[in-house]
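Enquirer: Requesting a structural model of the entry that follows:
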Amino acid sequence: MKKAVSGFTIVELLIVVVVIAILAVMTVVAFNGVQNRANDSVVQNDLRALAKKMRLYHIDNSAYPSTFPALESMQYKASGGAYAITPTVSRNHIYCIATGLNDYALLAKSKSGNAYILQNDGAILPFATAWGAATTAGSLCDSIDGAGTLYTTANAAGYWTGQTPNWGAWTGV
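Expert: Numbering: from 1, shown residues only. The predicted model follows:
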């Protein structure tokens, strides 16, 4: 009497391994998409929160802050973990103030690679200017109006690899 041996063939095992691998790849891709959207949302919410602080500061002082102590007095707290930083970006979460005008702009780049601008408490829009490791805060502020004459940095890159600690005290990070 022969005993029947049951089991999986090598082809069946390979098919199962391939199906598991495909499911794993789909899960990782979906997770990265969710993570990128979460980082974008955090950065946008930070910009909205800072815009509210700017509006309150303007009500009290009839101008927007133009110094580090003035920025620090707003007691703002950024969520540092969602921002693109070294080695891809050496400056981030930038505050630009208009020269001689009562206007400002906030710039930020998420870990997803998406950059955003909020001007004078308006809508948050995509910021299309190239932004890499060598980009200065001044050149980003200059690029807002196209002519490069309206906005200055007000010495306010919230994150900068050239300062210690890297996050400025006004960001609360």
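Enquirer: Determine the longest strand present in this protein.
Expert: The residue-count maximum for a strand in the chain (DSSP state E) belongs to strand 91-98.
Enquirer: Show me what that strand pairs with in its sheet, parallel or antiparallel.
Expert: On the basis of DSSP bridges, the sheet neighbours of strand 91-98 come out as strand 104-109 (antiparallel), strand 151-152 (antiparallel), strand 157-160 (antiparallel).
Enquirer: Return the list of helices and strands in contact with the longest helix along the chain.
Expert: Across the chain, the longest stretch assigned as helix under DSSP state H is helix 10-61. Helices and strands touching helix 10-61, by 3 or more C-beta pairs under 8 Å, 6 or more residues apart in numbering; DSSP states H and E, are strand 104-109, strand 115-119, strand 124-126. Heads up, the C-betas are built off the backbone N, CA and C, glycines and all.
Enquirer: so what's the residue most central in space within the chain up against?
Expert: Closest residue to the average C-alpha location of the chain: Ser110 at 2.5 Å, with C-alpha atoms, centre = their mean. Contact partners of Ser110, counting by C-beta atoms under 8 Å, 6 or more residues apart in numbering, are Asn36, Asn39, Asp40, Val42, Val43, Ala82, Tyr83, Ala84, Tyr116.
Enquirer: May I ask which helix or strand of the protein has the lowest mean pLDDT?
Expert: strand 151-152 (a mean of 75; mean pLDDT, DSSP states H and E).
Enquirer: How about residues contacting that one?
Expert: Cys96, Ile97, Ala98, Thr99, Asp103, Ala105, Gly138, Cys141, Asp142, Ile144, Asp145.
Enquirer: what two of these have the greatest distance between them?
Expert: Between any two of the contacts of strand 151-152, the greatest separation by C-beta to C-beta is 16.7 Å, found for Asp103 and Gly138.
Enquirer: tell me the mean pLDDT over the longest helix of the chain?
Expert: Taken as a whole, helix 10-61 has an average pLDDT of 90.
Enquirer: centre of the chain versus it, how much separation?
Expert: Taking C-alpha atoms, centre = their mean, to the nearest Å, one finds the center of helix 10-61 at 12 Å from the center of the full chain.
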